[in-house]
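# coordinates only, no sequence provided:
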């Protein structure tokens, strides 16, 4: 089971906050996350729960980004307690038997267990400092640093390039003065 894929659900939710303005936006988010089969069943209660989860995840990423590992882990542990994880063997789409993380109940519960278990596995395997917020102002989108040398600082190549160009131009201006 690749738990990094589950952790990416958290990043998708944190960065897709605009999608949680409506039920249609939530359904689009579910499709993007590979959970399109759940989208048709999404309700207003799921939308409200996903907004709450997003806020919790944002706080976890902010604590991690600030170097407050204990606060990030405490929040993550709180989510683990509130959302028990139930592994389930699944075989679909012609794939071999494999594990999925599920929780009965609402769609938001099923999404939550994936996010929480994925982040918990990433934090215990690689460290809290692997949860980051983009350094390119004013972006601040979340990302997972799965690089071998802990070097990721930006959410995307676009932000990395933009920050590097801005730094280059600032150096050129300071030399010209």
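Everything's here; your move. Keep in mind that this is a model prediction, so the values were computed, not measured. Residues are numbered from 1 along each chain as shown.
# quick one: the strands in the protein?
In the chain, strands defined by DSSP state E lie at 86-90, 98-102, 131-133, 142-144, listed in chain order.
# let me have these in a markdown table, extended by mean pLDDT.
What follows is the strands of the chain, written out as a markdown table (pLDDT from 0 to 100):
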| stretch | mean pLDDT |
| --- | --- |
| strand 86-90 | 83 |
| strand 98-102 | 76 |
| strand 131-133 | 96 |
| strand 142-144 | 97 |
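# would you list those in TSV and tack on mean neighbour count?
C-beta: built from backbone N, CA, C; applies to glycine. Formatted as TSV, the strands of the chain follow (neighbours: other C-beta atoms under 10 Å):
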stretch	mean neighbour count
strand 86-90	11
strand 98-102	15
strand 131-133	22
strand 142-144	21
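# closest one to residue 41 among these?
Minimum separation from residue 41 across the strands of the chain (C-beta to C-beta) falls at strand 98-102, 14.3 Å.
# contacting residues around that closest one?
1, 6, 85-91, 110, 113-114, 117 (C-beta atoms under 8 Å, 6 or more residues apart in numbering).
# make it 6 Å
Residues lying outside strand 98-102 but in contact with it, judged by C-beta atoms under 6 Å, 6 or more residues apart in numbering, are 1, 85-88, 90, 110, 113-114, 117.
# measure how far that strand is from the centre of its chain, please.
For strand 98-102, the gap between its own C-alpha mean and the chain's C-alpha mean amounts to 18 Å (C-alpha atoms, centre = their mean, to the nearest Å).
# begin at 243, not 1, for the rest of this chat.
Understood, numbering begins at 243; the last thing we discussed is strand 340-344.
# okay, the angle between that strand and strand 328-332?
140 degrees (axes from the mean of the first three to the mean of the last three C-alpha atoms, to 10 degrees).
# show me what contacts residue 253?
Listed by C-beta under 6 Å, 6+ apart, the contact partners of residue 253 are 384, 386.
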